[in-house]
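*Asks:* Sequence plus predicted model, see below.
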Amino acid sequence: MNKILLLEDDITLGNGIKMVLKNEQVTLVNTLKDAREILKNNEFDLLILDINLPDGSGLDLMKEQKNLNSETPIILLTANDMEIDIVSGLELGADDYITKPFSLAIFRARVNNQLRRKKININKVFEIDDYYFDFDNMIYRKNQKIIELSKTEQKLLRLIVENRGHTLTRELLVDKIWGSKYVDENALTVTIKRLRGKLEDNKYLKTVYGIGYTWAVK
């Protein structure tokens, strides 16, 4: 069963979509605020986002999530059916764009298409110069030598590598790794230091002073 976050302020439509997707685990929310709160501590296989919402635009949430985890597919669901709206949505990172009104059968097929694509990419392995990172099977190597990482170090490395080229703030990393528990930011500094030592790295895992960390790309 796939986990889907549905952000839709039309409650009747939202409940209708949940019925169409009854074989999936659908979490329905009606505001950007609620969606952001849920995404802090939960991961989903697919996000379906309305654009025009009572407290803002679903496009803003899409951009936030694409910066954080580009592997999660996003479908925009909106009444904005002008060609420029569709092109803009896709260029900003949407994986699909469905305009209202729509056929529920076609909607289901397009949802299934995104979920299939997600499963194809789920076991991605990263090979970067001398490094080999297989996060799902917890295999980490440098020059064929095994690197032993703690669970926290693995989570940190995965977040940074999957978002390589983007700077992740200290606040975001602390929230994603330790969740709602109170943790001093010094814990992140210590974990970064240990991770750099184990990776023997002074080239990729970069500090962006005053902001956070990034995995540099060529």
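*Replies:* That came in fine, so what should we check first? Numbers count the residues shown, from 1 in each chain.
*Asks:* can we go C-alpha only for contacts and neighbour counts from here?
*Replies:* OK.
*Asks:* Looking at strand pairing, list the partners for the closest residue to Glu43 other than its chain neighbours.
*Replies:* When the adjacent residues along the chain are set aside, Glu43 lies closest to Lys3, with 7.9 Å between them (Cα to Cα, 6 or more residues apart in numbering). With DSSP bridges as the criterion, the beta-bridge partners of Lys3 are Gln25.
*Asks:* tell me the domain boundaries of the protein?
*Replies:* Under the assignment named as automatic domain parsing, the residue ranges that make up the domains of the chain are 3-121, 149-215.
*Asks:* what would those domains look like in CSV with mean neighbour count and mean pLDDT?
*Replies:* Shown next, in CSV, are those (neighbours: other Cα atoms under 10 Å; pLDDT from 0 to 100):
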stretch, mean neighbour count, mean pLDDT
domain 3-121, 16, 87
domain 149-215, 15, 88
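*Asks:* right, and the ones you listed - which one's nearest Ile128?
*Replies:* domain 149-215 (9.7 Å; Cα to Cα).
*Asks:* How far does the closest one sit from its chain's centre?
*Replies:* Here the centre of mass of C-alpha atoms in domain 149-215, compared against the chain's by Cα atoms, centre = their mean, to the nearest Å, lies 16 Å away.
*Asks:* quick revisit: touching, the residue nearest to Glu43 and Gln25? I think so.
*Replies:* Yes - shown here, Lys3 and Gln25 form a contact pair, counting by Cα atoms under 8 Å, at 4.8 Å.
*Asks:* ok, back up a step: can you pull the contacts of the residue nearest to Glu43?
*Replies:* The neighbours of Lys3, taking Cα atoms under 8 Å, 6 or more residues apart in numbering as the test, are 24-27, 43-46.
*Asks:* do Arg141 as well
*Replies:* Arg141 sits next to 130-133, 147 when contact means Cα under 8 Å, 6+ apart.
*Asks:* switch the cut-off to 6 Å
*Replies:* By Cα atoms under 6 Å, 6 or more residues apart in numbering, the contact set of Arg141 is 131-132, 147.
*Asks:* TSV for these, including secondary structure?
*Replies:* Formatted as TSV, the entries for these read as follows, by DSSP: H, G, I helix; E, B strand; the rest coil:
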residue	secondary structure
Tyr131	strand
Tyr132	strand
Ile147	coil
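*Asks:* Which member of those is positioned nearest Lys124?
*Replies:* Lys124 has its nearest neighbour among those in Tyr132, at 11.1 Å by Cα to Cα.
*Asks:* need the contact list for that closest one.
*Replies:* With contacts defined as Cα under 6 Å, 6+ apart, Tyr132 is in contact with 126, 140-141.
*Asks:* So what does the nearest residue to it once chain neighbours are set aside have for phi and psi?
*Replies:* With sequence-adjacent residues excluded and distances taken as Cα to Cα, 6+ apart, Tyr132 is closest to Arg141, at 5.1 Å. The phi and psi torsions at Arg141 (degrees, to the nearest 10) take the values phi -140, psi 150.
*Asks:* ok, for Asn52, nearest residue in space, not its chain neighbours?
*Replies:* In space, not counting the residues next to it along the chain, Asn52 is nearest to Gly58; the distance is 6.6 Å by Cα to Cα, 6+ apart.
*Asks:* Same check on Gly179?
*Replies:* Leaving aside its chain neighbours, Gly179 sits nearest to Asn41 (6.5 Å; criterion: Cα to Cα, 6+ apart).
*Asks:* Same check on Asp50?
*Replies:* Nearest in space to Asp50, with sequence neighbours left out and distances taken as Cα to Cα, 6+ apart, is Leu77 at 4.7 Å.
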